[in-house]
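Q: Below is the structure, and that's it, no one-letter string:
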C-alpha cells in the first residue's frame with residue numbers, strides 16, 4: 001500500500017485520503033500524550049499529514065524496513081522534533097489534508113488510561129482500536145447499503161470476544177422475527193465478513209503481505225487492546 005499511496009494516480013490519492021481520515025486519531029492521541037494542548041495537537045496533526053502528502057514521504061519509504069504504523073510513528077516523532085508548536089501551523093498554508101474533529105478527539109482522549117500508557121504505547125493501542133472500529137464501520141456501511149441497518153444493530157453485540165447467552169439469542173430472534181438457528185447462521189456470516197474486512201485493512205498497511213504475515217500483524221495488534 002505504501003508504494004501505491006506515493007504515486008500520483010487517482011487510486012493512490014483515494015488510498016491516501018482513506019488513510020488520513022481513518023487513522024488521524026492515533027497520531028493525535030500520541031501528540032496529546034506528549035503534553036500538547038488540544039488546539040496545538042489539531043494543528044500539528046494536520047501539518048504532519050500535509051507534509052506527508054507534499055513530500056510524498058510514503059513513496060520514499062522502504063517497505064521492508066517496517067510496518068506502516070511503525071513508519072508513521074517514527075515520521076511523526078521526527079516531525080515533532082523538528083517543529084515547534086504553533087509555528088508549524090502558521091507555515092503550513094493550504095487546505096487541511098484531514099478534518100480533525102477536536103470535540104470527537106477529546107471525547108475519545110478522555111477515555112484513555114491516565115498516566116498508565118506512554119505516548120508510544122497509546123499510539124499502538126489506538127491504532128489497533130482504529131483498525132477494529134474502521135472495519136466495523138465498513139461492515140455497517142455494507143448492511144446499510146442493502147437496507148439492513150436494523151439487522152446490523154441487532155447483531156452487532158454478538159461480534160464481541162465473548163459469546164452471548166442462549167437467552168440473548170432468543171431475545172434477538174423474537175425482535176427480528178426469525179428462528180434462533182437462522183439468527184446464529186446470520187451471526188456466523190457477519191463474524192466471517194468482519195474478519196475479512198479486518199484482514200483487508202491490516203493487509204493495506206503492509207507491503208505485499210502473505211496471509212500469515214497479516215495474521216501475525218493482527219495478533220500483535222490485539223495484544224495492544
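A: Arrived safely. This structure is a prediction, so every number in the text was calculated from the model and none was measured.

Q: Now do the contacts for the most centrally placed residue in the chain.
A: A centroid search over the chain (C-alpha atoms, centre = their mean) returns residue 130, at 3.0 Å, as the residue closest to the centre. Listed by C-beta atoms under 8 Å, 6 or more residues apart in numbering, the contact set of residue 130 reads 22, 23, 25, 26. Placement of C-beta: from N, CA and C, glycine included.

Q: Next one: the last one from residue 20, what distance?
A: When C-beta to C-beta, to the nearest Å is the yardstick, residue 26 and residue 20 sit 12 Å from each other.

Q: The residue lying farthest from the centre of the chain and residue 156, how far apart?
A: The centre of the chain is farthest from one residue, residue 179, which by C-alpha atoms, centre = their mean lies 35.1 Å away. Distance from residue 179 to residue 156, counting by C-beta to C-beta: 20 Å.

Q: secondary structure class for residue 112?
A: On the three-state scheme (DSSP: H, G, I helix; E, B strand; the rest coil), residue 112 is labelled coil.

Q: Off-centre distance for stretch 30-45?
A: In terms of C-alpha atoms, centre = their mean, to the nearest Å, the centre of stretch 30-45 is found 18 Å from the chain centre.

Q: Quick check: mean pLDDT of that stretch?
A: Stretch 30-45 carries an average pLDDT of 92.

Q: ok, residue 31 touching residue 41?
A: Yes - Residue 31 lies in contact with residue 41 (C-beta atoms under 8 Å); the separation is 4.3 Å.

Q: C-terminal to the longest helix seen in the chain, what's the next element?
A: For the chain, the helix that runs over the most residues, judged by DSSP state H, is helix 119-145. Moving toward the C-terminus from helix 119-145, the next helix or strand (DSSP states H and E) is helix 149-155.

Q: so after that next one, what's the next helix or strand?
A: Proceeding N to C from helix 149-155, the next assigned helix or strand is helix 166-176, under DSSP H and E.

Q: Would you mind measuring from the residue lying closest to residue 20 once chain neighbours are set aside to residue 178?
A: Among residues not flanking residue 20 along the chain, residue 98 sits closest, at 4.0 Å (C-beta to C-beta, 6 or more residues apart in numbering). Distance of residue 98 to residue 178, given as C-beta to C-beta: 41 Å.

Q: more neighbours, those two?
A: Regarding residue 98 and residue 178, a neighbour count based on other C-beta atoms under 10 Å identifies residue 98 as having more, with 21 against 15.

Q: quick one, what contacts the more buried one?
A: When contacts are counted by C-beta under 8 Å, 6+ apart, residue 98 touches 20, 21, 24, 45, 46, 49.

Q: didn't residue 206 look like it was pressed against residue 67?
A: Yes - between residue 206 and residue 67 there is a contact under C-beta under 8 Å: 6.3 Å.

Q: what is in contact with those two at once?
A: What both residue 206 and residue 67 touch, as defined by C-beta under 8 Å, 6+ apart, is the set residue 217.

Q: What pLDDT is listed against residue 94?
A: If you check residue 94, the pLDDT there is 57.

Q: And for residue 12?
A: Residue 12 is given a pLDDT of 59.

Q: do residue 168 as well
A: Per-residue confidence (pLDDT) for residue 168: 83.

Q: Quick check: residue 42 touching residue 25?
A: No - Residue 42 is beyond contact range of residue 25, at 11.4 Å (criterion: C-beta under 8 Å).

Q: Between these two, which contacts overlap?
A: With C-beta under 8 Å, 6+ apart as the test, residue 42 and residue 25 both reach residue 105.
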